[in-house]
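> Just to be clear, the model below is a prediction. Sequence and coordinates:
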There are 2 protein chains.
Amino acid sequence: MSDKNPYAQTPEPPYYAVIFTSLRNEGDDGYAQTAERMMELAARQEGFLGAESVRDGLGITVSYWRDRDSIARWKADMEHREAQRLGREKWYRSYRIRIAKVEEERHFG
Amino acid sequence: MSDKNPYAQTPEPPYYAVIFTSLRNEGDDGYAQTAERMMELAARQEGFLGAESVRDGLGITVSYWRDRDSIARWKADMEHREAQRLGREKWYRSYRIRIAKVEEERHFG
């Protein structure tokens, strides 16, 4: 992990979180490059507020969005849709996606 | 990571998620034992639905709850309050806590 701030700089609630929990298949098979590209693309989407991500076997990525419309537009993005298809075909053994409205945020440190 | 299912077995939405993102201080200093105890205690709380957790430098733990009352009761639990105090004093460099209402859940695999 680099020394840069790993926390998303989110605004005052309410806003939305997409909690993406996943298990990968063995091997990279183009995954890392696509994952990096998707993070770049997501960061340019209107309504994207930031993301926090860790993997150690299980992966958890939480991305934050202004509203559900922003999430729906990102889900429908053509390049992202192709990545989603490849994800189910090659990269992910399984995943869970939960869309949640953040009502409260507290900070320490 | 063990082979057991790492996903929380959550019910149909709506329910709540507590997204806890953290950076640790160096050294254990009683952390692992308390973290294990807190997971046991949380699992016995009324309204607890499960949790997903990963750390690799940054830690993300998402715990799932039936409603905000369940979350408030767990936050106020005396043994948990003491652990929260020690967390701020010794174990965590920083953290973010976000309380969010899960509106939608999708599965693959």
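Thanks, I have the structure now.
> Contacts for the helix ranked longest in chain A, please.
Longest helix in chain A by number of residues (criterion: DSSP state H): helix A:31-44. Applying CB atoms under 8 Å, 6 or more residues apart in numbering or on different chains, the contact partners of helix A:31-44 are A:24, A:48, A:51, A:63, A:74, A:77, A:79, A:80, A:83, A:86, A:90, A:91. Any C-beta I mention is one placed from the backbone N, CA and C, and that applies to glycine too.
> hmm, the helix or strand following that helix in reach of chain B?
Next along the chain after helix A:31-44, taking DSSP states H and E as the criterion, comes strand A:48-56. Yes: Strand A:48-56 lies within reach of chain B by CB under 8 Å from any CB of the partner chain, at A:52, A:53, A:54, A:55, A:56.
> Emit the PyMOL select command for whichever of the residues you listed are buried.
Command for PyMOL that selects the buried part of the residues of strand A:48-56 next to chain B, burial taken from 16 or more other CB atoms under 10 Å in any protein chain shown:
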select buried, chain A and resi 52+53+54
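> What are the phi and psi values at residue A:80?
The phi and psi values for residue A:80, taken as degrees, to the nearest 10, are phi -70, psi -40.
> Disregarding residues adjacent in the polypeptide, which is nearest to residue A:95?
Excluding the flanking residues, the one nearest residue A:95 by CB to CB, 6 or more residues apart in numbering or on different chains is residue A:22, at 3.9 Å.
> How about the contacts made by that neighbour?
A:58, A:59, A:61, A:92, A:93, A:94, A:95, A:96.
> Name the nearest of those relative to chain B.
Closest approach between these and chain B, by CB to the nearest CB: residue A:94, at 3.0 Å.
> OK, contacts around that closest one?
With CB under 8 Å, 6+ apart, residue A:94 has these contacts: A:22, A:23, B:7, B:107, B:108, B:109.
> Pull the most distant pair out of the residues you listed.
Longest distance between any two of the contacts of residue A:94 is 12.2 Å, between A:23 and B:107; criterion CB to CB.
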